[in-house]
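1. Need coordinates for the following:
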Amino acid sequence: MKHILPSPAIIVPLFAILTIGCLLPLGCGKDTDENKPQVNVPPYGTPEHYGYLLKTQTARNPYLIKELDRIEEEEALPEDLTDTQTYGSDGGGAKFMVPELSRLFTKTDRDRVLREAENLYPKEKDFKFDSPDHLQRMLKFLDYHNTTREAARKIADRDDFRLHANLLQGMFAELAFVDVVWICAYLEAYQAAESLYVRNDPEKALEAAAYMLRWATFLGNEPHLITRLEAAYLRTEAMHVIIAALHSNNASADTFQNAYTIVMKHINLWPDEQKIWRGERAVGMHTYEVARNSDLGSLLEPKEYTELAETVGAENLDLYIYSNINTDELFYLNAMRRIIDAAALPFHERKYLFATIEDELNQPTIEKEDQQGKKRDRTVLADKLLLPGIEQSQKIIAEDQANWEALARVIAEILHLPNKPKFETNPLTGKLYQVVPLDDSVAAYNIVPLDQNRSTSIKIPIPKSIRPAIDEEKTTPPETETVPRPDIPAVPQPGVPR
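-> Purely as a prediction, here's the structure:
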């Protein structure tokens, strides 16, 4: 572990202990690596304090300590991942503009503007406003905030710009920058609407959509599950803007080529999913440290705390969890290691893993009887708080990828490109994409499983200027619906905004 600087209150007695220890045989023979950076641990009880896992490091479980050592070697402890985000993987080259981003709005203005932007946003999937008055109110909003939108573009254009999810704070992490990113994305969407419905300029609409995707990339690059899911939802909105631009009667072959370039560029920047789950594991380790300090009450809402206690039948939840916390955390870390390793595979090849983990959670070996003969759940945090929601989150991420690969296939088919993208198998379902040329359009079907009871296809009209190039045999489409807009449910993660 990195050298930790204790608080001044314990420096003197600690120094005395170390001095005596050094007089004994073999004393002070460890931790002499002067190259290890020293860290000032924040005060006890603060979220960042728990991020250094001080009590976890003293656990009397050799298997748990061995796994912690493996994670340290991988540089995937909360402090490692936060350092990477703060100082950059190049050892200090990147400069982070989150303070600059937050200065676009005061907290009061941020909350108000976000509500206004959300209320104005089109509710229909085709990115159309329901009335001229609705469009006018949107244009007025855009005009008022246009200077901010332009300032945000300058930030987004920086090659060294990063967001910063502080994993040392675990579930306490301040993610208010997500709201600012959404405001910036909404303003770009409104710029796209102005370009489409006032100027009839699909090229300018695509430019705005590219900035929406730029913001989604910033979110998705963070090693944090919440920001990754927000990126998926933001990408869905950007997709609706792109499809609306391609439906414009002013869309040309150049428009479609530009859209294809934007889509493929974004797909090529797709975030590493294993990085997300390493970050999620770091958040979980932080949660166990909170529990070791009997401070779950500060992490969970009172209702959540009470419900969890009632679920496991605990009079004192902190004590109940603490009594088996090494077993609980070891199970969680072993499960997360398998989840992280499997994330290198498409979702359809790894979904079996969740059933396996669920079976293991239900094995009698993870329960024991207390003195009153009652069964005790030895994996409360893993089973009830940390592992639920991961499978659903992975489905959302896989569907996000499938949507964009299908869109790329459709545009490439319309452009009649000789070298089409090599996206054959849907990562969500494991089935081949069905890309079908029709009389005046091209569609991709069954992007999500048919039993989802929602949209399963993307369909884009072929512009007259390039319609003669489509000479493949026309096909009758299977029964399906229209443009997909994934419903993204909230993933249970107490203490984290949005």
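2. Show me the shaky parts of the stretch 51-200 of the chain.
-> Screening the stretch 51-200 of the chain residue by residue with the criterion pLDDT under 70, one finds the ranges 83-98.
3. now do 80
-> Within the stretch 51-200 of the chain, the segments meeting pLDDT under 80 span 83-100, 102, 124-125.
4. And the helices in it, which stretches?
-> For the stretch 51-200 of the chain, applying DSSP state H, counting those that start in this stretch gives helices covering 62-73, 78-87, 98-102, 107-120, 132-144, 146-156, 177-197.
5. now those in JSON lines, with distance to residue 389 and mean neighbour count?
-> The way it works is simple: take the backbone N, C-alpha and C, and place the C-beta from them, glycine included. Listed next are these as JSON lines, based on distance: least, Cβ to Cβ, whole Å; neighbours: other Cβ atoms under 10 Å:
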{"stretch": "helix 62-73", "distance to residue 389": "22", "mean neighbour count": "15"}
{"stretch": "helix 78-87", "distance to residue 389": "20", "mean neighbour count": "20"}
{"stretch": "helix 98-102", "distance to residue 389": "26", "mean neighbour count": "16"}
{"stretch": "helix 107-120", "distance to residue 389": "24", "mean neighbour count": "14"}
{"stretch": "helix 132-144", "distance to residue 389": "34", "mean neighbour count": "14"}
{"stretch": "helix 146-156", "distance to residue 389": "30", "mean neighbour count": "16"}
{"stretch": "helix 177-197", "distance to residue 389": "18", "mean neighbour count": "24"}
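6. for the ones you listed, which one sits closest to residue 168?
-> helix 78-87 (4.8 Å; Cβ to Cβ).
7. so where does the nearest residue to residue 209 once chain neighbours are set aside fall, helix or strand?
-> Leaving aside its sequence neighbours, residue 209 sits nearest to residue 241 (Cβ to Cβ, 6 or more residues apart in numbering; 4.3 Å). Assigned by DSSP states H and E, residue 241 falls within helix 225-246.
8. Do me a favour and average the pLDDT over the helix or strand just after that helix.
-> Note on helix 225-246: by DSSP H and E, the next helix or strand toward the C-terminus is helix 253-268. Averaged over helix 253-268, pLDDT sits at 97.
9. I'd like to check the angle between helix 253-268 and helix 225-246, please.
-> Our comparison of helix 253-268 with helix 225-246, counting by axes from the mean of the first three to the mean of the last three Cα atoms, to 10 degrees, yields an angle of 170 degrees.
10. Measure how far helix 253-268 is from the centre of its chain, please.
-> A distance of 24 Å separates the centroid of the chain from that of helix 253-268, by Cα atoms, centre = their mean, to the nearest Å.
11. name the helices or strands packed onto it?
-> Contacts defined by 3 or more Cβ pairs under 8 Å, 6 or more residues apart in numbering; DSSP states H and E place helix 253-268 against helix 202-220, helix 225-246, helix 390-415.
12. related to what we said a few turns ago, quick one: the helix holding residue 241 to chain centroid distance?
-> In this view, helix 225-246 has its centroid 13 Å away from the chain centroid, taken as Cα atoms, centre = their mean.
13. Let's see it as PDB, backbone CA atoms only.
-> Output in PDB follows, covering the C-alpha atoms of helix 225-246 (Å, rounded to 0.1, in the frame of the first residue of the first chain):
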ATOM      1  CA  LEU A 225     -21.100   2.900 -13.300                       C
ATOM      2  CA  ILE A 226     -23.500   5.800 -12.800                       C
ATOM      3  CA  THR A 227     -21.700   8.000 -15.400                       C
ATOM      4  CA  ARG A 228     -21.500   5.100 -17.800                       C
ATOM      5  CA  LEU A 229     -25.300   4.600 -17.600                       C
ATOM      6  CA  GLU A 230     -25.800   8.300 -18.000                       C
ATOM      7  CA  ALA A 231     -23.600   8.100 -21.100                       C
ATOM      8  CA  ALA A 232     -25.800   5.400 -22.600                       C
ATOM      9  CA  TYR A 233     -29.000   7.500 -22.100                       C
ATOM     10  CA  LEU A 234     -27.300  10.600 -23.500                       C
ATOM     11  CA  ARG A 235     -26.200   8.600 -26.600                       C
ATOM     12  CA  THR A 236     -29.700   7.500 -27.200                       C
ATOM     13  CA  GLU A 237     -30.800  11.200 -27.300                       C
ATOM     14  CA  ALA A 238     -28.000  12.000 -29.700                       C
ATOM     15  CA  MET A 239     -29.100   9.100 -31.900                       C
ATOM     16  CA  HIS A 240     -32.600  10.500 -32.200                       C
ATOM     17  CA  VAL A 241     -31.000  13.800 -33.300                       C
ATOM     18  CA  ILE A 242     -28.900  12.100 -36.000                       C
ATOM     19  CA  ILE A 243     -31.900  10.100 -37.300                       C
ATOM     20  CA  ALA A 244     -34.000  13.200 -37.400                       C
ATOM     21  CA  ALA A 245     -31.300  14.900 -39.400                       C
ATOM     22  CA  LEU A 246     -31.200  12.000 -41.900                       C
END
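14. Fine, thanks again, bye for now.
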